[in-house]
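> Based on what follows, work out the 3D shape:
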Amino acid sequence: LAKKPEDRPASCMAVIEGNGFSRVERAEHADGVLGTGDGGQEERKDSGVLVAASALVICPVCGKKNHPEDTFRCRECGRDDICLRHQDEETFLCADCIAARRAEANRKAEAKRIATEKAKREAEAKRKAEAERIATEKAKREAEAKRKAAAVRATGTVQTLVLPSGATMEMIYVAPGSFTMGSPESEAGRSIWETQHRVTLTKGFWLGKYEVTQARWKSVMGSNLSHFTGDNLPVECVSWNDCQEFIRKVNAEAERQFGGEARLPTEAEWEYACRAWSIGAYAGTGNLDSMGWYWDNSGDGTHPVGQKRPNAWGFYDMHGNVREWCNDRYGEYPGGSVTDPAGAASGDDRVLRGGSWNNLARICRSAYRNGGDPGDRGGSNGFRLACSAGPRGQGAEQ
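Modelled structure (predicted):
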């Protein structure tokens, strides 16, 4: 019921705004005066109006009772009837939502910090792992370089073999080692018989610096079978069997001077010496024109030995000039790694290597293989003498 203005208590003041009441301030009660009527219901005495308790709402945040106009609805969490004092002045959201936003922001910031730290640790771990890998690879390369340098120093040793006639022949020592024999599938001109495989040679050996010349052949054999004649030309038109007879005659001197038997090189020894650590189609400069005489530059004949460039170990004419007999029977390569291979166990043909003056470039490659009947005296067949190493790894007299 409304009261007349003059009947209002002097101790209170009410302000009517729009369609609701604002907060009422009383001198004796800052939050308003609420009483209980005869029916036990709470009521508010303000501006002569009695307000039923059911018109008040309870703040879900603090539990305080308020007039609806003194509350708000949070647009984020959707809760209604929240005290205005819980409203953020900038976002107009409730304090709980503001706190939740801050907590989420803090959580995201912490997650980002953790992720950043993790990324840094992972990056550092990768950097260290990469550094270790690089260091390991470097150490391996240095060790391999030292091993090769030591082998090259030993391999560079030159010793003269004095033949029974008094003629001399320079021999180069080749230290034990491992290499990849054959050619990659990407190499131009390769054949299916050049399957790559790892070979280990456990024994050093001696090999002629040059192909056997006609002068040295004649000094031992007393005759010359060559078509192209000249003392410093490589002997040709010699069969594998002819080479065995030459070897038989010089063997005693080879054993006395080098501590090992005279012989033809095995096919693996020949390619090992030819490559001299190279991995391309041609050793030395890698350019056939500078390394050997073949179809394009020979002028239809052999040339004096030693006129082209040597390979890294000092061997001349490993590519071209004359094909060189090896001791092995010709056959397929083994399927895996091998140690001290000696060729096929059976077969008629013997291995010929290096190509010749009348062969195309692809036949003069380091990996190219050919075979011939041991009695064949073809016009491009020659050889290079080998000797097994002495008991101290090199010449017996050292």
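> Check whether the closest residue to Thr168 other than its chain neighbours sits in a helix, strand or coil.
Distances taken as C-beta to C-beta, 6 or more residues apart in numbering place Thr160 nearest to Thr168, at 5.0 Å, with adjacent residues excluded. All C-beta spots, glycine's among them, are computed from the backbone N, C-alpha and C. Using DSSP: H, G, I helix; E, B strand; the rest coil, the structure places Thr160 in strand.
> which residues does Thr160 bridge with?
Glu170 (DSSP bridges).
> Okay, buried residues for stretch 77-89 please.
Across stretch 77-89, burial judged by 16 or more other C-beta atoms under 10 Å covers Arg79, Asp81, Ile82, Cys83, His86, Gln87.
> where's the second one relative to Glu69, distance?
Meaning Asp81. 11 Å (C-beta to C-beta, to the nearest Å).
> So Tyr272 sits against Pro176, correct?
No. Using C-beta atoms under 8 Å, Tyr272 makes no contact with Pro176, being 9.7 Å away.
> the more surrounded of these two?
Higher neighbour count among Tyr272 and Pro176: Tyr272, with 24 against 16, using other C-beta atoms under 10 Å.
> what's the closest non-adjacent residue to the more buried one?
Counting by C-beta to C-beta, 6+ apart, the residue nearest Tyr272 is Phe179, at 5.5 Å.
> any idea where the helices of the protein begin and end?
95-155, 214-221, 240-258, 267-275, 288-291 (DSSP state H).
> just the ones you listed: most buried one?
Most buried of the helices of the chain, by mean neighbour count (mean count of other C-beta atoms under 10 Å): helix 267-275, with a mean of 24.
> could you dump that one to PDB, C-alpha only?
In PDB, the C-alpha atoms belonging to helix 267-275 read as follows (Å, rounded to 0.1, in the frame of the first residue of the first chain):
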ATOM      1  CA  GLU A 267      91.200 -60.200 -61.000                       C
ATOM      2  CA  ALA A 268      90.400 -58.600 -57.700                       C
ATOM      3  CA  GLU A 269      94.000 -57.500 -57.200                       C
ATOM      4  CA  TRP A 270      94.100 -56.100 -60.800                       C
ATOM      5  CA  GLU A 271      90.900 -54.000 -60.200                       C
ATOM      6  CA  TYR A 272      92.100 -52.900 -56.800                       C
ATOM      7  CA  ALA A 273      95.400 -51.700 -58.200                       C
ATOM      8  CA  CYS A 274      93.600 -50.100 -61.200                       C
ATOM      9  CA  ARG A 275      91.200 -48.200 -59.100                       C
END
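> And stretch 363-382, end to end?
15 Å (C-alpha to C-alpha, to the nearest Å).
> Flag the shaky bits of the stretch 151-300 of the chain, pLDDT-wise.
151-153 (pLDDT under 70).
> tell me, how many neighbours does Asp296 end up with?
Using other C-beta under 10 Å, Asp296 has 11 other residues around it.
> hmm, I was thinking of Pro265
28.
> Report the beta-bridge partners for the residue lying closest to it once chain neighbours are set aside.
Nearest non-adjacent residue to Pro265, counting by C-beta to C-beta, 6+ apart: Ala386, 4.0 Å away. Counting by DSSP bridges, Ala386 is bridged to Leu207, Arg263.
> What is the neighbour count of Ala386?
As a burial measure, Ala386 scores 25 neighbours (other C-beta under 10 Å).
> For it, give me its contacts.
In this structure, Ala386 makes contact with Phe205, Trp206, Leu207, Gly208, Ala262, Arg263, Leu264, Pro265, Glu269, judged by C-beta atoms under 8 Å, 6 or more residues apart in numbering.
> From what I see, Asp296 and Asn287 are in contact.
No. Look at Asp296 against Asn287 with C-beta under 8 Å: they stay out of range, at 11.9 Å.
> returning to what we had before: which neighbours do Tyr272 and Pro176 share?
Leu201.
> Would you enumerate the residues in contact with the closest residue in space to Cys274 that isn't next to it in sequence?
What sits nearest to Cys274 in space, not counting adjacent residues and going by C-beta to C-beta, 6+ apart, is Met318, at 4.3 Å. Met318 is in contact with Ala273, Cys274, Ala283, Met291, Gly292, Asn311, Gly354, Ser366, counting by C-beta under 8 Å, 6+ apart.
> and what of Thr229?
Applying C-beta under 8 Å, 6+ apart to Thr229 gives the contacts Gln214.
> That one and Val235, how far apart?
10 Å.
> Where does the prediction get shaky in the stretch 1-150 of the chain?
Ranges of the stretch 1-150 of the chain meeting pLDDT under 70: 1-54, 148-150.
> at 50 what do you get?
Counting by pLDDT under 50, the stretch 1-150 of the chain shows low-confidence ranges at 1-51.
> List the contacts of the nearest residue to Pro164 once chain neighbours are set aside.
Once flanking residues are discounted, Pro164 sits nearest to Glu253: 5.7 Å by C-beta to C-beta, 6+ apart. Each residue near Glu253 by C-beta under 8 Å, 6+ apart is listed here: Leu161, Val162, Leu163, Pro164, Ala262.
> Now for those: which two are most distant?
The distance between the two most remote of the contacts of Glu253 (C-beta to C-beta) is 12.4 Å, for Val162 and Ala262.
> Neighbour count for these two, which is higher?
More crowded of Val162 and Ala262, by other C-beta under 10 Å: Ala262, with 23 against 14.
> From Arg248, how far out is Ser165?
Separation of Ser165 from Arg248 (C-beta to C-beta): 15 Å.
> Ser366 and Tyr272 touch, don't they?
No. Between Ser366 and Tyr272 there is no contact under C-beta under 8 Å: 9.9 Å.
> Alright, I will stop here.
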